[in-house]
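Visitor: here is my input, please return the structure:
(chains A and B)
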Amino acid sequence: GQSLEQPSEVTAVEGAIVQINCTYQTSGFYGLSWYQQHDGGAPTFLSYNALDGLEETGRFSSFLSRSDSYGYLLLQELQMKDSASYFCAVGKGSTLGRLYFGRGTQLTVWP
Amino acid sequence: GAVVSQHPSWVICKSGTSVKIECRSLDFQATTMFWYRQFPKQSLMLMATSNEGSKATYEQGVEKDKFLINHASLTLSTLTVTSAHPEDSSFYICSARGPYGANVLTFGAGSRLTVL
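Guide: Numbers count the residues shown, from 1 in each chain, chains lettered A, B, ... in the order given. As a prediction, the model looks like this:
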């Protein structure tokens, strides 16, 4: 089976940097993904890591260490609109897109 | 950008009735779609994988006779909640694999079902 651990809540101020950690246990590793979801909205894709290292996309970066079963999402230059839930997810098998999601981290950005 | 449309966005029904939720990929073809369920302030739970032209693959613990999935075309998957009961009340979200890569899911906006 799979299990994922991520903090339930994180708060920060505008302009700050926030790191959301995710540790996972899975039988067979098929990549670590991150999704953002605003209240009542559709989750949107942020990043995907299959190999160790850092992936950078604008203000957001994601890191993976397969040996530590650990990853994180780094959000820089925080903006109010970044207030949302952030989910890490691992593949549930070789079928791409079949994901097991963590419980999500609620990020609140204060002015 | 790619759009996945869900309809209806919210529905209220009486206990014992059936409800159909549609999921359409508007500007790309999706041979594979996924249905998730989300309780308030909680995670997304994968219910099933919907494959165009073949039977859906259900996750462990999901009743296939309760949640009927049909994927009759490359742009449409439907989820029918049969004989709905209050415990089926939830937020149902579909997603499609693509078009930005097989590792990227494009999600619909979800359908909130309330069973009275």
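Visitor: how far away is residue A:82 from residue A:70?
Guide: 22 Å (C-beta to C-beta, to the nearest Å). C-beta: built from backbone N, CA, C; applies to glycine.
Visitor: residues contacting the strand or helix carrying residue B:96, please?
Guide: When elements are assigned from DSSP states H and E, residue B:96 belongs to strand B:90-97. Residues from elsewhere that reach strand B:90-97, judged by C-beta atoms under 8 Å, 6 or more residues apart in numbering or on different chains: A:42-43, A:96-97, B:2, B:4, B:6, B:21, B:23, B:25, B:28, B:30-40, B:44, B:50, B:77, B:79, B:81, B:104-113.
Visitor: adjacent strands (with direction) for the next helix or strand after it?
Guide: Moving toward the C-terminus from strand B:90-97, the next helix or strand (DSSP H and E) is strand B:105-107. The strands beside strand B:105-107 in its sheet (DSSP bridges) come out as strand B:90-97 (antiparallel).
Visitor: measure how far the partner strand is from the centre of its chain, please.
Guide: Distance of strand B:90-97 from the chain centroid (C-alpha atoms, centre = their mean, to the nearest Å) equals 4 Å.
Visitor: model confidence over it, on average?
Guide: In this model, strand B:90-97 carries a mean pLDDT of 94.
Visitor: kindly report the same for stretch B:10-27.
Guide: Taken as a whole, stretch B:10-27 has a mean pLDDT of 96.
Visitor: that one and chain A, are they touching?
Guide: No. Stretch B:10-27 does not reach chain A (C-beta under 8 Å from any C-beta of the partner chain); its nearest approach is 10.3 Å.
Visitor: how about that stretch, which residues are buried there?
Guide: Residues B:11, B:13, B:19, B:21-25 are the ones in stretch B:10-27 that count as buried (16 or more other C-beta atoms under 10 Å in any protein chain shown).
Visitor: and those, which two are the farthest apart?
Guide: B:13 and B:25 (25.7 Å; C-beta to C-beta).
Visitor: the closest residue to residue A:111 other than its chain neighbours - how many residues pack around it?
Guide: Spatial nearest neighbour of residue A:111, chain neighbours left out: residue A:14 (5.7 Å); criterion: C-beta to C-beta, 6 or more residues apart in numbering or on different chains. Residue A:14: 12 surrounding residues under other C-beta atoms under 10 Å in any protein chain shown.
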